[in-house]
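Trainee: return atomic coordinates for the entry below.
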Amino acid sequence: MAADAGPPLVLMALGLVLWLAVTATVAGISIQTVGMILFIVGAIWLVVELIQSRSVTRDRVVEEPVAYRDRRI
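Mentor: Okay, here's the model as predicted:
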């Protein structure tokens, strides 16, 4: 099972754009701070996904293919 890294990477990219490239201001909301928070959450999410993916592949039981199991020697 592969890590589903797409959504965290999209969140990180969106966060970086808001943090570093957007200069617009909204009353009462710092867009750069929101971008930084989104980037950090995306990075944490990506690390969690990779750790879970690694533990799942380590615990997986590898069985012989059916063709070899039913074969008589």
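
Trainee: wait, a strand at A24?
Mentor: No: per DSSP: H, G, I helix; E, B strand; the rest coil, A24 lies outside any strand segment and is coil.

Trainee: and it, its phi and psi?
Mentor: The phi/psi pair for A24 (degrees, to the nearest 10) reads phi -70, psi 160.

Trainee: contacts only, for D4.
Mentor: E49 (Cβ atoms under 8 Å, 6 or more residues apart in numbering). Quick note: C-beta positions are derived from backbone N, CA and C, even for glycine.

Trainee: state the distance from it to L50.
Mentor: 10 Å (Cβ to Cβ, to the nearest Å).

Trainee: repeat that for V17.
Mentor: Applying Cβ to Cβ to V17 and L50 gives a distance of 23 Å.

Trainee: by mean pLDDT, flag the weakest helix or strand of the chain.
Mentor: helix 66-69 (a mean of 59; mean pLDDT, DSSP states H and E).

Trainee: now I51: how far from W45?
Mentor: 11 Å.

Trainee: same check on L14?
Mentor: Distance from L14 to W45, by Cβ to Cβ: 13 Å.

Trainee: and the one helix or strand L11 maps to, what's buried?
Mentor: L11 is part of helix 6-16 when elements are defined by DSSP states H and E. By 16 or more other Cβ atoms under 10 Å, the buried positions in helix 6-16 come out as P8, L11, M12, G15.

Trainee: show me what contacts the residue lying closest to A24 once chain neighbours are set aside?
Mentor: Excluding the flanking residues, the one nearest A24 by Cβ to Cβ, 6 or more residues apart in numbering is I31, at 6.3 Å. Applying Cβ under 8 Å, 6+ apart, we find I31 in contact with L18, V22, A24, T25.

Trainee: mind running it again at 10 Å?
Mentor: L18, W19, V22, T23, A24, T25 (Cβ atoms under 10 Å, 6 or more residues apart in numbering).

Trainee: and those, which two are furthest apart?
Mentor: W19 and T25 (13.9 Å; Cβ to Cβ).

Trainee: so what sits against both of those two?
Mentor: Common neighbours of W19 and T25 (Cβ under 10 Å, 6+ apart) are I31, Q32.
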